[in-house]
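Asks: structure for the following, please:
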Amino acid sequence: MIREHEVGNLEKEYDHLFEIDANLDRLVRRIELLNYINPLNIEKEKQRFFASKFTAEPNFKYPKLKFNPYKLHRLFFSQRLERIADDRLRQLYQDVIYHYANMIQCIETIGKGKNFYYNSLRVYGTPRERDVQNARFILHFADEPVSSDMEKVFSPNEAKAYFLDFSKQYDFPLQVRFSTHIAADAMVSNSSQTLVIKKNAKFSKNQLLTLANHEIGVHLVTTYNGLLQPLKIFSNGLAKNVETQEGLAVFSEYMGGALTLKRLKELAYRVLAADSLIKGYSFADTFDLIHGQYKLNRHEAFAITLRAHRGGGFTKDRLYLSGLSKIYRKYQKEESLDVLFTGKVALENEDVIRYLKNLGLAQPITYKSHSFAQKLNTNTTLDFILNNLK
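Replies: Presented below is the predicted three-dimensional model:
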């Protein structure tokens, strides 16, 4: 951990950089996409969709914006980047500003159909052909027998107790709150360092271990590591960090012995759902692909379809599988993953992070994901699949 007087010396040497970094920190706090992308009326629209025999397009309602998008855009682009003398540092912050400007456009157009979808593409992209092929390859494998660990018998309060106990192995606080307005059963809010649990969900033993390794073991670890860096962009997030961060999180499930073929298939379905958007599929069309053709049960098929179609077409979910594949390959080559835990960073940032470390502007990580210390996965089918992804 860097000492205060060391930060003070850096702020004197790189005064313009730290001024811009602090400005961006104040601006970024207002635009956490996950605060806006999850519909407020999921359960109501789910019941209506099922009652219509899977034909009525859901009419989702979204939270109101708490900021003025135009003013926020202007504030981002008013930063005097020309004052940063170092070319690499200036480019890094320029990329960050463009990334968050795109994020503002995403939030501004939530619920506005194609307008949102095109903005989502700019931030998250669309599945490549090999991603779709990887997804279909995974779905060819026969389902494994259902064990008692997969039965959803735990309440949200029991889940909270489990997560609080799990977090004791890390020396950082865990804040937990409940919500009915999230698409996932649990997620981390980066801006408030909080684990949010879905109030009306039930959890299996395996799911609790999965979520703990994913949300606490990676997302909160990188959040707190980022907060301990001299520059705030590490906790707020560098450009296009989602693929790497979600790849690390799913890899943590694998290393922690929580990843199952069922979970891997879920990530494959997400790729196909994201791919269906660029083909012009409606909500009902995507649901029919997952439920009608692939025979996934209607509740899980609805959840996957919702994640892809929320906002007007949200392609973030395509990145989990490709991110896992990239992190797995890096692990197989016995390359260190520590740099990727510096904060909310991407594989593409490794060189610039090392450069920042040489300047004293990035520090070694404080927290490591405990699941990465030893491989607890014993499922040879998963090893075979991960070794054969393109």
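
Asks: now do the buried residues in the longest helix seen in the chain.
Replies: Determined from DSSP state H, the single longest helix within the chain is helix 87-108. By neighbour count with 16 or more other CB atoms under 10 Å, helix 87-108 contains the buried residues 89-90, 92-93, 95-97, 99-108. Every C-beta, even on glycine, is put in place using the N, C-alpha and C of the backbone.

Asks: doesn't Val176 belong to a strand?
Replies: Yes: Val176: assigned to a strand according to DSSP: H, G, I helix; E, B strand; the rest coil.

Asks: show me where the stretch 151-300 of the chain has helices.
Replies: Secondary structure of the stretch 151-300 of the chain (DSSP state H, counting those that start in this stretch): helices located at 156-166, 205-211, 221-227, 233-236, 242-255, 261-278, 283-287, 298-309.

Asks: do you know which of the ones you listed lies nearest Thr380?
Replies: Nearest to Thr380, of all those, is helix 261-278, at 10.9 Å by CB to CB.

Asks: pLDDT of that closest one, averaged?
Replies: Computed over helix 261-278, the mean pLDDT rounds to 97.

Asks: in that helix, what's buried?
Replies: Neighbour counts using 16+ other CB under 10 Å place 261, 263-277 of helix 261-278 among the buried residues.

Asks: and stretch 378-389, by the same measure?
Replies: 382, 385-386, 389.

Asks: same thing with stretch 128-138?
Replies: Residues of stretch 128-138 classed as buried: 131-132, 134-135, 138 (neighbour count, 16+ other CB under 10 Å).

Asks: and which of the residues you listed is nearest Thr378?
Replies: Distance to Thr378, by CB to CB, is smallest for Ile138 among these, at 18.7 Å.

Asks: that closest one contacts Tyr269, correct?
Replies: No: applying CB atoms under 8 Å as the test, Ile138 and Tyr269 come out as separate, 9.2 Å apart.

Asks: so where is the stretch 151-300 of the chain shaky, pLDDT-wise?
Replies: For the stretch 151-300 of the chain, no stretch is flagged by pLDDT under 70.

Asks: contacts only, for Gly226.
Replies: 234-236, 342-344 (CB atoms under 8 Å, 6 or more residues apart in numbering).

Asks: just the residues you listed now: which is nearest Tyr70?
Replies: Looking across these and measuring by CB to CB, the closest to Tyr70 is Asn236, at 21.0 Å.

Asks: just give me the neighbour total for the closest one.
Replies: As a burial measure, Asn236 scores 24 neighbours (other CB atoms under 10 Å).

Asks: what sits against the residue nearest to it when sequence neighbours are not counted?
Replies: The shortest distance from Asn236 to any non-neighbouring residue, by CB to CB, 6 or more residues apart in numbering, is to Val28 (4.4 Å). Going by CB under 8 Å, 6+ apart, Val28 touches 100, 236-237.

Asks: residues near Val153, how many?
Replies: 10.

Asks: oops, could you answer that again for Lys112 instead?
Replies: For Lys112, using other CB under 10 Å, the count is 13.

Asks: was I right about it contacting Gly312?
Replies: Yes: with contact defined as CB under 8 Å, Lys112 counts as touching Gly312 (5.9 Å).

Asks: distance check, the residue lying closest to Val271 once chain neighbours are set aside against Glu129.
Replies: The shortest distance from Val271 to any non-neighbouring residue, by CB to CB, 6+ apart, is to Ala135 (4.0 Å). As defined by CB to CB, to the nearest Å, Ala135 lies at a distance of 11 Å from Glu129.

Asks: shared neighbours of these two, which are they?
Replies: By CB under 8 Å, 6+ apart, Ala135 and Glu129 have no common neighbours.

Asks: just the strands in the protein please.
Replies: 175-179, 186-189, 194-198 (DSSP state E).

Asks: so which of these is nearest Glu348?
Replies: Nearest to Glu348, of all the strands of the chain, is strand 186-189, at 22.5 Å by CB to CB.

Asks: strand partners of that closest one, parallel vs antiparallel please.
Replies: The sheet places strand 186-189 alongside strand 194-198 (antiparallel), with pairing taken from DSSP bridges.
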